[in-house]
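>>> return a 3D structure for these sequence lines:
(2 chains)
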Amino acid sequence: DIQMTQSPASLSASLGETVTIECLASEDIYSNLAWYQQKPGKSPQLLIYYANSLNDGVPSRFSGSGSGTQYSLKINSLQSEDVSIYFCQQNYDSPWTFGGGTKLELK
Amino acid sequence: EIQLQESGPGLVKPSQSLSLTCSVTGYTITSGYDWSWIRKFPGNKMEWMGYISYSGSTNYNPSLKSRISITRDTSKNQFFLQLNSVTTEDTATYYCARSGWGVMDAWGQGASVTVSS
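Residues are numbered from 1 along each chain as shown, chains lettered A, B, ... in the order given. As a prediction, the model looks like this:
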């Protein structure tokens, strides 16, 4: 199985700040990387697929980048509604596997 | 707009089987996509369990292969999860989702299942 290592595990940031979450795959996943947001008490929602494609309705302050084994999710101008757990997931090879999650809180 | 809704018992005894239903509205499960089950353990670890495709073929996570079965009822636009011989380590929130090429673009609200005697 492809292992996904996500960092940091938790993050505290101020409103308006820019935050970056990293995801490292154990092998090349050729940009087959998705990011999900899970708000408190809600189910996960797709933010980004194929490393940098924004899902419909996702604010443009979210962006994804990366290639090979290294990927990142950037949130510009942090808003209060961005408080969530963020997960990366590889869909290059079955079984699909997830990172351990990053809990984002407001400072 | 597609909506998915999980249903089933919230408490299962060890060694018994866990059975959940995912009811889909707004999209016909035989029209396309794969239909997945994912679970989230206490502590946030997420595990993709498997899917049934629009054509009825299945793909399971090898870590569960001997215990899992995903089936469907196309007349009711539902698909099902059965996980056999559960232990306390199967305690989790179970989600159904629509997936395309492994990307889960629509999720149910989740069903919390506790395995305990």
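>>> can we go C-alpha only for contacts and neighbour counts from here?
Fine.
>>> so how far is B:Leu83 from the residue most central in space within chain B?
Centroid-nearest residue in chain B: B:Trp37, 3.0 Å away (criterion: C-alpha atoms, centre = their mean). Distance of B:Trp37 to B:Leu83, computed by C-alpha to C-alpha, to the nearest Å: 11 Å.
>>> and for A:Ser84?
Between A:Ser84 and B:Leu83 the computed distance is 29 Å (C-alpha to C-alpha).
>>> check B:Trp101 too.
Distance, B:Trp101 to B:Leu83, by C-alpha to C-alpha: 24 Å.
>>> what do you get for B:Thr93?
As judged by C-alpha to C-alpha, B:Thr93 and B:Leu83 stand 14 Å apart.
>>> repeat for B:Asn59
B:Asn59 is 14 Å from B:Leu83, by C-alpha to C-alpha.
>>> sorry, back to before: more neighbours: B:Trp101 and B:Leu83, which one.
Set side by side, B:Trp101 and B:Leu83 show more neighbours around B:Leu83, with 19 against 13, by other C-alpha atoms under 10 Å in any protein chain shown.
>>> can you pull the contacts of that one?
Contact analysis of B:Leu83 by C-alpha atoms under 8 Å, 6 or more residues apart in numbering or on different chains lists B:Ser17, B:Leu18, B:Ser19, B:Arg67, B:Ile68, B:Ser69.
>>> dump the residue contacts of residue 9.
Reading this off chain A. Per C-alpha under 8 Å, 6+ apart, neighbours of A:Ala9: A:Gly100, A:Gly101, A:Thr102, A:Lys103.
>>> not quite, go with chain B.
Contacts for B:Pro9 were tallied using C-alpha under 8 Å, 6+ apart; they are B:Leu18, B:Ser19, B:Leu20, B:Val113.
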